[in-house]
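Q: Could you work out the structure for the sequence below:
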Amino acid sequence: MTLHKVLLPMLLPAVLAGSSLLFAVSMGAFGTAFALTGTGVKILPLVIYTHVSEVSVDIGRADALAIVLALVTTVLILIYERAFAARRR
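A: Take a look at the predicted model:
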């Protein structure tokens, strides 16, 4: 009872903020992750890179993954903004 009425509503903004930051950072962390690990880490920007690298060219799959990454990031940011807009009212 307390979990649903108190704890979850208090944690929801933090979970949404963390999720949106995670996806935003994953979009921009390509250079750092590639410099430190090469393609050993399986984050989506590096997976997209491996599909367009000279070793294996699969532009269709890279395009699809890029669209998925952009959509997930956009949806998470919109959810985060709506949650805080509703909370401010």
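Q: give me the number of residues near Ile59?
A: Neighbourhood size, Ile59 [other C-beta atoms under 10 Å]: 9. The C-beta positions use only the backbone N, C-alpha and C, and glycine is treated the same way.
Q: Same check on the one 10 residues further on?
A: By the other C-beta under 10 Å criterion, the neighbourhood of Leu69 contains 18 residues.
Q: Over to Pro45?
A: Using other C-beta under 10 Å, Pro45 has 18 other residues around it.
Q: do Ser20 as well
A: For Ser20, using other C-beta under 10 Å, the count is 20.
Q: Just the CA coordinates for the helix or strand it falls within, please, in PDB.
A: Applying DSSP states H and E as the criterion places Ser20 in helix 8-28. Extracted as PDB, the C-alpha positions of helix 8-28 are listed here (Å, rounded to 0.1, in the frame of the first residue of the first chain):
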ATOM      1  CA  LEU A   8       6.500   4.900  -6.500                       C
ATOM      2  CA  PRO A   9       5.100   8.400  -7.100                       C
ATOM      3  CA  MET A  10       8.200   9.900  -5.500                       C
ATOM      4  CA  LEU A  11      10.600   7.700  -7.500                       C
ATOM      5  CA  LEU A  12       8.900   8.100 -10.900                       C
ATOM      6  CA  PRO A  13      10.500  11.400 -11.800                       C
ATOM      7  CA  ALA A  14      13.900  10.100 -10.900                       C
ATOM      8  CA  VAL A  15      13.500   6.900 -12.900                       C
ATOM      9  CA  LEU A  16      12.300   8.900 -15.900                       C
ATOM     10  CA  ALA A  17      15.100  11.400 -15.600                       C
ATOM     11  CA  GLY A  18      17.700   8.600 -15.300                       C
ATOM     12  CA  SER A  19      16.300   6.800 -18.300                       C
ATOM     13  CA  SER A  20      16.200   9.800 -20.500                       C
ATOM     14  CA  LEU A  21      19.800  10.700 -19.500                       C
ATOM     15  CA  LEU A  22      20.900   7.200 -20.100                       C
ATOM     16  CA  PHE A  23      19.600   7.200 -23.700                       C
ATOM     17  CA  ALA A  24      20.800  10.800 -24.400                       C
ATOM     18  CA  VAL A  25      24.300   9.800 -23.200                       C
ATOM     19  CA  SER A  26      24.300   6.600 -25.200                       C
ATOM     20  CA  MET A  27      23.600   8.700 -28.300                       C
ATOM     21  CA  GLY A  28      26.600  10.900 -27.600                       C
END
